[in-house]
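Chemist: what's the 3D shape of this:
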Amino acid sequence: MELVGLWRYPVKSLQGEPLGAIAVEADGLLGDRRWGIRDRRTGRILTARRRPELLTAAASYDGDVPVIALPDGRTAVGPGSGTDELLSDWLGSPVSLVASVGSDAGRAEFFADATDDTSRAIEWTMPVDRYVDAAPVLVLTTASLRRGAALHADGEWDPRRFRPNLLVDVEGEDWVEDHWVGGPLRVGGITLRPTQPCVRCTMVTRPQPGLEADVEIFRTLARHHGGLFGVWSDVVVPGAVRVGDPVSALS
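Modeler: Residues are numbered from 1 along each chain as shown. I've put the predicted structure just below:
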C-alpha cells in the first residue's frame, strides 16, 4: 500500500491544500483545521453543512498566517477586523475568523436528514484545539472510492468530495479501511490508530469547484455501507509523511 494523496484544511469547511509532505503532530497534521469562521450571532463555527458556499473559498498558509481566497477574487490575510468585515460581506452575516487553539471547543450543526436542508438541525461539539469533526486524522482508500463508483457510476467519486487527510492506494474494490479500526497503521514515519469509521453527512453532497451537487453520493453510502466512508484516526507516533510513503496495517 502507498500514500498517494495528502491534504490539510487550514480553515474549517473551506477548500484545503494538497501537499507533497507534512509534519504530523500528536493531535493531527501541522496547521490542519486550526481556524474556523464563527457566526457572531450564535457562537457556532460555520460548516458547509449549513453554509455550502464555504466550499467555494480556499484556504492556505503564508508561514503560520491563514490566507483565504474568496470565489470573487478577494483575499483575506490573517485574523482581524479587516478579514472579519470581508468575510461578513461575502456571507451576508456577521462572522469572525477565529483560532481553535485557546478557544472553547467549537460548536456546529448538521442536518438530521443529510439529503434535506429543511430537516432538523442538530448541534454537536468538536474536540478542543482543532475544528475537526471527531478525531485528528481522516484516512480514505482508493479501494473504497472504487467501491463507491461501482455502486453509483454516474457520481464523481473524487477524493476532494470526502476531505481526507490521507489517501492510501490499496488494491481491490472494498471498504478496506474499516478493517483497520483498532489496530495500528504505519504511514511513512508516523503511526496512526484508526478508531472509528467516518459517519458521512450533507457535506459529501455539496457542490464545489469542479464537482457538482449529488445527493446520490450520500444515498449510495447510506444504502450500501451505513453512511460510512473512511476512518477517523488518532496519532500514536508523530513524525513526517510524504506522498509515495509505504503504508502498512500492523497486527
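Chemist: Next up, the contacts around the residue nearest the centre of the chain.
Modeler: Nearest to the mean C-alpha position of the chain, by C-alpha atoms, centre = their mean, lies residue 163 at 3.9 Å. Contacts here follow C-beta atoms under 8 Å, 6 or more residues apart in numbering; on that basis residue 163 touches 7, 9, 16, 138, 203. Any C-beta I mention is one placed from the backbone N, CA and C, and that applies to glycine too.
Chemist: Let me know the secondary structure of residue 88.
Modeler: Under the three-state scheme (DSSP: H, G, I helix; E, B strand; the rest coil), residue 88 adopts helix.
Chemist: any idea how far it lies from residue 98?
Modeler: Residue 88 sits 13 Å away from residue 98, going by C-beta to C-beta, to the nearest Å.
Chemist: out of those two, which sits in the busier spot?
Modeler: residue 98 (19 against 15; other C-beta atoms under 10 Å).
Chemist: And that one, which helix or strand is it part of?
Modeler: Here residue 98, judged by DSSP states H and E, is contained in strand 95-99.
Chemist: Can you give the strand pairings for that strand, parallel or anti for each?
Modeler: Strand 95-99 pairs in its sheet with strand 35-39 (antiparallel), by DSSP bridges.
Chemist: So what touches the helix or strand that the strand it pairs with is followed by?
Modeler: Toward the C-terminus, strand 35-39 is succeeded by strand 58-62 as the next helix or strand (DSSP H and E). For strand 58-62, the surrounding residues in contact (C-beta under 8 Å, 6+ apart) are 9-11, 14-17, 31, 35, 66-69, 77.
Chemist: for stretch 239-246, the distance to its chain's centre please.
Modeler: 19 Å (C-alpha atoms, centre = their mean, to the nearest Å).
Chemist: coming back round to it: quick one: buried residues of the strand holding residue 98?
Modeler: Residues of strand 95-99 classed as buried by neighbour count (16 or more other C-beta atoms under 10 Å): 95-98.
Chemist: tell me which of the contacts of strand 58-62 is nearest to residue 178?
Modeler: The closest of these to residue 178 turns out to be residue 9 (C-beta to C-beta; 23.2 Å).
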